[in-house]
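Trainee: sequence-free structure coming up:
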């Protein structure tokens, strides 16, 4: 009994007639940076295997070892159910045009439905030809500077691979690294505020008297706005204690 072929969990990236081995290697690195490992190479200009590609790939060499080599584009996408073509310029073809971000979201949905997806990247000199784009189901258009639309092959691969990662890996938009500490609680901040008020009162800071109340309020408001960690609070207590001790020693020596 023939076992069904499981659909891949990521799109295949197809380098169409790439010209420089260095760019193929750099594309492999870019793919592996974002967890993609299905590379296909169509008619590389300088033949295959390519030692310059291997040298440039560095730790991503296994992508080159496993890359599928074909003589033409038709063979490279024969098993695919949906194909994107990357291009930075308009084409005289009726196609749905996606941004890189939306394209990879679309690809993720199709792959989840069991489809096999490919993304085409053109050769360095002029990109994909219209005949290549005509074989694709949709276009990925990169919003580049119209006065300088040319993207390096590996840069384009990196950009799309990054959007794939964003679409599928649950990337957190913002996170604060706590470095082994925790956010200070309200009671800890209150004690810090009281410590400073007491010492500043002793130093005669709250002057003149009729402004003291608003000065205390502003000071408390400042502490509440600051995103303090427990380590911050401990450090600021220590700073104030040291200043007070130093001031006391200075007074004793006068």
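Mentor: Structure's in. What do you need? For clarity, every value in this text was computed on a predicted model and none was experimentally measured.
Trainee: Tell me where the model's unsure across the chain.
Mentor: For the chain, the stretches with pLDDT under 70 are 1-8, 250-254.
Trainee: Could you report the distance from the spatially most central residue of it to residue 61?
Mentor: When CA atoms, centre = their mean is applied to the chain, the residue found nearest the centroid is residue 162 (6.0 Å). Counting by CB to CB, to the nearest Å, the gap from residue 162 to residue 61 is 21 Å. Where you see a C-beta, it was placed from the backbone N, CA and C, and this is true even at glycine.
Trainee: related to what we said a few turns ago, from residue 215, how far out is the residue nearest to the residue nearest to the centre of the chain when sequence neighbours are not counted?
Mentor: Leaving out its chain neighbours, the residue that sits closest to residue 162 by CB to CB, 6 or more residues apart in numbering is residue 34, at 5.8 Å. Distance, residue 34 to residue 215, using CB to CB: 53 Å.
Trainee: what's near enough to touch the residue nearest to residue 162?
Mentor: With contacts defined as CB atoms under 8 Å, 6 or more residues apart in numbering, the neighbours of residue 34 are 158, 161, 162, 164, 165.
Trainee: Phi and psi next, for the residue nearest to the centre of the chain.
Mentor: Dihedral angles of residue 162 (phi, psi; degrees, to the nearest 10) stand at phi -60, psi -40.
Trainee: quick one: it from residue 33, how far?
Mentor: Counting by CB to CB - residue 162 and residue 33 are separated by 8 Å.
Trainee: Residue 132 is in contact with residue 86, correct?
Mentor: No. Using CB atoms under 8 Å as the test, residue 86 is too far from residue 132 to be in contact (10.3 Å).
Trainee: Nearest to residue 80 among the contacts of residue 34?
Mentor: residue 164 (15.6 Å; CB to CB).
Trainee: List the buried residues in stretch 152-167.
Mentor: Neighbour counts using 16 or more other CB atoms under 10 Å place 153-167 of stretch 152-167 among the buried residues.
Trainee: Equivalent analysis for stretch 21-40, please.
Mentor: 21-32, 34, 36-40.
Trainee: Please flag which of these sit within strands.
Mentor: Of the buried residues of stretch 21-40, the ones assigned to strands by DSSP state E are 39, 40.
Trainee: could you show me where the strands are in the stretch 1-150 of the chain, in order?
Mentor: 12-16, 39-42, 68-70, 82-87, 96-98, 117-121, 138-141 (DSSP state E, counting those that start in this stretch).
Trainee: Can you spell out which helices and strands pack onto whatever helix or strand residue 241 lives in?
Mentor: Using DSSP states H and E, the element containing residue 241 is helix 230-252. The contact analysis (3 or more CB pairs under 8 Å, 6 or more residues apart in numbering; DSSP states H and E) places helix 230-252 against helix 186-202.
Trainee: buried sites along the following helix or strand past the helix it packs on?
Mentor: As assigned by DSSP H and E, the chain's next helix or strand after helix 186-202 is helix 212-225. Judged by neighbour count using 16+ other CB under 10 Å, the buried positions of helix 212-225 are 216, 219, 220, 223.
Trainee: in terms of contact, does the second one touch residue 194 like I think?
Mentor: What it means is residue 219. No. Counting by CB under 8 Å, residue 219 stays clear of residue 194, with 10.6 Å between them.
Trainee: give the contact list for residue 71.
Mentor: 42, 43.
Trainee: What separation do you get for it and residue 79?
Mentor: Taken as CB to CB, the span from residue 71 to residue 79 is 16 Å.
Trainee: Residue 50 too?
Mentor: Taken as CB to CB, the span from residue 50 to residue 79 is 24 Å.
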